[in-house]
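Colleague: Just need the structure, nothing else, for what follows:
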Amino acid sequence: MADHQSVAETFLASLKSSPFVMVGLTGTHEHSEPLTAQIDEDQPNALFFFVGKDNRAANGGDAMVQFVSKGHDVFACLHGALEPDNDPAQIDTLWNNHVESWFPGGRADPNLLLLRFDIDSAEIWESDVSLSGRVKMLFGGKIDSSESGTHEVVGSLA
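Modeller: Model (predicted):
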């Protein structure tokens, strides 16, 4: 098993490479939806999302975020609290061309809402199948847990 910090660092690197996640409020009948995570290096236990004020998650609440890396070798399920956070300084920190393409009025767009997701806990999987495990997969053999990667439950990504 890898240590918590190493797994958290691998997750954050994968998220930076492909910041697309599924976000859903718990306890509702609403489905999760794809959003682009914004990362503030100074706040490693928080993710941010720019959404419209009419977004189903706009009021915030208890939420889950699911992530699959571009290479399908890192998976994560994050639990935490989602809440509106329209701090102008935070918006300036996270603002980029991708965000601006969704909000034609720029930072002053009347529909702009920044959501902050504070991570309470996370489960992260790294599927780094060993060479012997890959050979077994080719021929239908059984893969031992030591050949399949790592799984960690972490309370903090910092």
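
Colleague: average pLDDT for the host helix or strand of residue 47?
Modeller: Taking DSSP states H and E as the definition, one finds residue 47 inside strand 46-52. Strand 46-52 shows a mean pLDDT of 97.

Colleague: Mind listing residues that contact that strand?
Modeller: Counting by CB atoms under 8 Å, 6 or more residues apart in numbering, strand 46-52 makes contact with 21, 23, 35-40, 57-58, 65, 78, 85, 90, 94, 99, 102-103, 111-119, all of which sit outside it. Where you see a C-beta, it was placed from the backbone N, CA and C, and this is true even at glycine.

Colleague: ChimeraX command to pick out the buried ones of these?
Modeller: For the buried members of the contacts of strand 46-52, the matching ChimeraX selection, counting by 16 or more other CB atoms under 10 Å, is:
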select :21,23,35,36,37,38,57,65,78,85,90,99,103,112,113,114,115,116,117,119
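
Colleague: In strands only, show me the contacts of strand 46-52.
Modeller: 21, 23, 35-36, 65, 78, 112-119 (DSSP state E).

Colleague: quick one on the thing from earlier: report the buried residues of the strand holding residue 47.
Modeller: 46-51.

Colleague: Please apply the same query to stretch 66-78.
Modeller: By neighbour count with 16+ other CB under 10 Å, stretch 66-78 contains the buried residues 67-69, 74-76, 78.

Colleague: what's the average pLDDT for the helix ranked longest in the chain?
Modeller: Longest helix of the chain, by residue count under DSSP state H: helix 4-17. Here helix 4-17 scores 85 as its mean pLDDT.
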